[in-house]
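Pasting a predicted model and its sequence here:
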4 protein chains.
Amino acid sequence: MPGYTMNKQDFHNRLRRIEGQVRGLQRMIEEDQYCIDVLTQVASVTRALQGVAMGLLDEHVRHCVADAVKQGKREGDVKITEAIKAVERLVKT
Amino acid sequence: MPGYTMNKQDFHNRLRRIEGQVRGLQRMIEEDQYCIDVLTQVASVTRALQGVAMGLLDEHVRHCVADAVKQGKREGDVKITEAIKAVERLVKT
Amino acid sequence: MPGYTMNKQDFHNRLRRIEGQVRGLQRMIEEDQYCIDVLTQVASVTRALQGVAMGLLDEHVRHCVADAVKQGKREGDVKITEAIKAVERLVKT
Amino acid sequence: MPGYTMNKQDFHNRLRRIEGQVRGLQRMIEEDQYCIDVLTQVASVTRALQGVAMGLLDEHVRHCVADAVKQGKREGDVKITEAIKAVERLVKT
């Protein structure tokens, strides 16, 4: 089971809201809304996605990484390396 | 007309693809996929949104800001201040 | 003359302060300070650098890009393309 | 001892190089170099700082957080919450 299992419904709801926000962006474009207003809304959707990413990372470290650390040094090191690489991808986007 | 008018269809298509990606994220959560794989996909959606933001900014500066600059110093300065603030919001997300 | 000419002294002072902050980071490492405190300080230096970048971008658009736009469509387009690419590099870091 | 103890010299060297890069930025401003070239160099210093942050985070999780996890659930949870907050600050800058 992935680390986010206990909060599946919460993550699902957040992603549904983000889907609605992306449809809202399509409407803004169709209605010729002002570029800067569309940009502000794009920044807001990006922040919501980063919130989801932070939540998933939190659950992953708290469950999958912590379990691997308790299993042994090698198991822990593999999971930590993988998690740090995921953080690097988040920081660069 | 906003700066992106000539490319409305392109922006619309990109946002439709992003909407599909967000639905794909919901499926990944429902199917209990591995946290790190979900995170990689969230980073990919975030990058796609940033691509839309950069495209909108480009059109805005090339049309709305450039037109204001040609109208006069005061008109140009107002639009430039507004555009720089939008860039700051993008850099901070 | 580059766009930041009128504010050279201000940018110089901000970069001197950032240089001092980077030396402060070296001291924190030498004194074995707590990882999270060093990270918080690294985030603060990064924000200061982004502030310098936003200031330089503002002056550049307000002077160099605006002047090019007033010279003609081709001159303006070249400068706008260059500025948008610089923003993309900032957003990605 | 903080997590980065084994690599203190490496982090020190990287921060010395970053200090040199910040002094290089001051020279670029003094010599009236082109705004876009200064911006490119600011983006490069920012990336170098983010590299230091990622290195510190890696050592912190591999040592301080892993040790706390092995001590007990409460100790681990406290350190994980603190580390995730540090990542949030890095992602937002």
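Yep, it's here.

On the pLDDT front, check the residue lying closest to A:Gln50 once chain neighbours are set aside for me.
Using Cβ to Cβ, 6 or more residues apart in numbering or on different chains and skipping the chain neighbours, the partner closest in space to A:Gln50 is D:Val91 (6.1 Å). Yep, even glycine has a C-beta here, placed from its N, CA and C like the rest. At D:Val91, the predicted lDDT confidence score is 88.

Tell me the residues on chain A that lie near chain C, please.
Contact residues, chain A versus chain C (Cβ under 8 Å from any Cβ of the partner chain): A:92-93.

Just list the residues touching whichever residue of chain A sits closest to chain C, thanks.
Relative to chain C, the nearest point of chain A is A:Lys92 (6.4 Å; Cβ to the nearest Cβ). Residues counted as contacts of A:Lys92 (Cβ atoms under 8 Å, 6 or more residues apart in numbering or on different chains) are C:92-93, D:50.

Give me the neighbour count for the residue nearest to A:Gln50.
Neighbours of D:Val91 under the rule other Cβ atoms under 10 Å in any protein chain shown: 18.

Okay, buried residues for the helix or strand that contains it please.
According to DSSP states H and E, D:Val91 maps onto helix D:73-92. Neighbour-count burial for helix D:73-92, counted by 16 or more other Cβ atoms under 10 Å in any protein chain shown, picks out D:76, D:79-80, D:82-84, D:86-91.

Could you export that helix as PDB, CA atoms only?
C-alpha atoms of helix D:73-92 as PDB (Å, rounded to 0.1, in the frame of the first residue of the first chain):
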ATOM      1  CA  LYS D  73       7.700   6.800  16.100                       C
ATOM      2  CA  ARG D  74       7.400  10.100  18.000                       C
ATOM      3  CA  GLU D  75      11.000  11.100  17.500                       C
ATOM      4  CA  GLY D  76      10.800  10.200  13.800                       C
ATOM      5  CA  ASP D  77       7.500  12.100  13.200                       C
ATOM      6  CA  VAL D  78       8.900  15.300  14.700                       C
ATOM      7  CA  LYS D  79      12.000  15.200  12.500                       C
ATOM      8  CA  ILE D  80      10.000  14.300   9.300                       C
ATOM      9  CA  THR D  81       7.500  17.200   9.900                       C
ATOM     10  CA  GLU D  82      10.500  19.500  10.300                       C
ATOM     11  CA  ALA D  83      12.200  18.200   7.100                       C
ATOM     12  CA  ILE D  84       9.000  18.500   5.000                       C
ATOM     13  CA  LYS D  85       8.600  22.100   6.100                       C
ATOM     14  CA  ALA D  86      12.200  22.800   5.000                       C
ATOM     15  CA  VAL D  87      11.400  21.200   1.600                       C
ATOM     16  CA  GLU D  88       8.300  23.400   1.300                       C
ATOM     17  CA  ARG D  89      10.500  26.500   1.900                       C
ATOM     18  CA  LEU D  90      12.900  25.300  -0.800                       C
ATOM     19  CA  VAL D  91      10.200  24.600  -3.400                       C
ATOM     20  CA  LYS D  92       8.600  28.000  -2.800                       C
END
